[in-house]
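1. quick one, fold the following:
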Amino acid sequence: MLKSSKLIAVCIVASLIGLPTLSFAKARGSGGGFSSGARGGNSSMGIGSRGSRTYQDNGAKPIEQSTSQKPSATPPPNASGAPLMQPAPATSWWQRNPLLAGIAGGLAGTWIGHMLFGATESSAKTTDTEGAEPGAASNSASNSFGLIFLLMLVGAGALYYFKKVRQNPAPVFTGLSPGTAARGSLLDISSNRSSDRSTTDTAYTVTTEDKAAFQQLLTDIQSAWSTQDVATLKRFLTPEMLSYFSTALAEDSSRGVQNHVEEVELLKGDVREAWTEDNQDYATVDLRWNARDYTVSTTIPRGEPGYLIEGSETTPTESYEVWTFMRVRDGHWLLSAIQQ
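-> Residues are numbered from 1 along each chain as shown. Model (predicted):
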């Protein structure tokens, strides 16, 4: 039982380690190099990062393997601009208990009617029997005083109600949000947050020196790749791209194969887009070149059957890829992404 548990654990660890390599092999296509040619043209995804535009559609195959955080597909709360739920207005006891309020109102009306009509009847009897009973006058005076006192209470209650309870409610700000705020107001984050990367992107003009640097990088990267020179590749690639190249070279070494991309001749280079964000410049360039692109075995001697695995050592093939270069301000250009 213990051996079975160890075996299961080893299988899980091996699958987790092998998964990135498998996905990267798919990104490289059926061959061993990053040249499109007859092999890389079958690549199903782009790799690397293009800053804030990593996942934007630029006409090439989208980047699906990147360290850049992918934007969430689910909109944030209230992203549709729908107003938030307003809190229920405060209600008085009379509104919350209409039945009891009706009963209390009926009792109050009955008592007031009794006081009014009782006082009138008592006053009439007092007039008819004036001088008949000594206590009748005092009873009438008491009823009149009670009526006046009641009217004073009603008037004070009405005044308090209209001044306190029925005053205009204070405005509710709970429902205001960046989605509902007026354009240009203090609550409008889009007009006040100057650090938003989407608003700080500016166009960058690629110079002749930049184009020469891109062409030289194409040649230098393919040459370092062919000789499996990771130290030299480190000077031309971003750390993310270097990890992809290093993984691919290690995989080829374990398979006993080596890819060569030699005599690179740039046929055409077109700048697709160039921009600046924060303190970094980016340029996405369409590159088309000719090169001898072939893969050989490192375990079989040259000339023996099976030595040449794919491609031709003598016939150049045409390749096409979309490369994105980046640099820190006043620094040198590095390859940061490749798209087919």
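2. which SS class is residue 248?
-> Assigned with DSSP: H, G, I helix; E, B strand; the rest coil, residue 248 falls in the helix class.
3. just the pLDDT at it, thanks.
-> We have a pLDDT of 96 for residue 248.
4. stretch 203-213: which residues count as buried?
-> Judged by neighbour count (16 or more other CB atoms under 10 Å), stretch 203-213 contains these buried residues: 204, 206, 210, 213. Glycine gets a C-beta too; all of them are placed from N, C-alpha and C.
5. show me the residues you listed that map onto strands.
-> Applying DSSP state E to the buried residues of stretch 203-213, no entry is found in strands.
6. and those residues as a markdown table, adding pLDDT?
-> Shown next, in a markdown table, are those (pLDDT from 0 to 100):
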| residue | pLDDT |
| --- | --- |
| 204 | 95 |
| 206 | 95 |
| 210 | 96 |
| 213 | 97 |
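7. what's the burial count for the nearest residue to residue 301 once chain neighbours are set aside?
-> Setting aside the residues directly before and after it, residue 301 is nearest to residue 307 in space (CB to CB, 6 or more residues apart in numbering), at 6.6 Å. Applying other CB atoms under 10 Å, we find 14 other residues in the vicinity of residue 307.
8. do I have it right that residue 307 meets residue 298?
-> No. Applying CB atoms under 8 Å as the test, residue 307 and residue 298 come out as separate, 9.6 Å apart.
9. circling back: now do the same contact list for the residue nearest to residue 301.
-> Shown in contact with residue 307 (CB atoms under 8 Å, 6 or more residues apart in numbering): 296, 297, 300, 301.
10. equivalent analysis for residue 328, please.
-> Residue 328 sits next to 279, 280 when contact means CB under 8 Å, 6+ apart.
11. how much space between it and residue 219?
-> For residue 328, the distance to residue 219 equals 23 Å [CB to CB, to the nearest Å].
12. any idea how far apart the tips of stretch 48-58 sit?
-> End-to-end distance of stretch 48-58 (CA to CA, to the nearest Å): 14 Å.
13. buried ones in it?
-> Applying 16+ other CB under 10 Å to stretch 48-58 flags 48, 49, 50, 51, 52, 53, 54, 58 as buried.
14. wait, is residue 222 part of a strand?
-> No. Counting by three-state DSSP, one finds residue 222 to be helix, located in no strand.
15. what number of residues lie near it?
-> When neighbours are defined as other CB under 10 Å, residue 222 has 22 of them.
16. separation between it and residue 57?
-> Applying CB to CB to residue 222 and residue 57 gives a distance of 28 Å.
17. need the phi and psi values for residue 333.
-> With angles defined as degrees, to the nearest 10, residue 333 sits at phi -70, psi 140.
18. my guess is it contacts residue 218. True?
-> No. At 11.1 Å, residue 333 does not count as touching residue 218 under the criterion of CB under 8 Å.
19. of the two, who's got more company?
-> Set residue 333 next to residue 218 and count neighbours by other CB under 10 Å: residue 218 wins out with 24 against 18.
20. let's verify the more buried one: helix, strand, or coil?
-> Assigned by three-state DSSP, the conformation of residue 218 is helix.
21. now for it: which residues touch it?
-> Shown in contact with residue 218 (CB under 8 Å, 6+ apart): 264, 266, 287, 289, 323.
22. show me which of the contacts of residue 307 is closest to residue 272.
-> Closest to residue 272 out of those is residue 296 (33.7 Å), distances taken as CB to CB.
23. in terms of secondary structure, what does the helix or strand in which the closest one is found contact?
-> Assessed by DSSP states H and E, residue 296 sits inside strand 280-297. Packing partners of strand 280-297 (3 or more CB pairs under 8 Å, 6 or more residues apart in numbering; DSSP states H and E): helix 208-226, strand 257-277, strand 308-311, strand 317-328.
24. which of the ones you listed sits most buried?
-> Greatest average neighbour count among those goes to strand 317-328 (a mean of 20), per mean count of other CB atoms under 10 Å.
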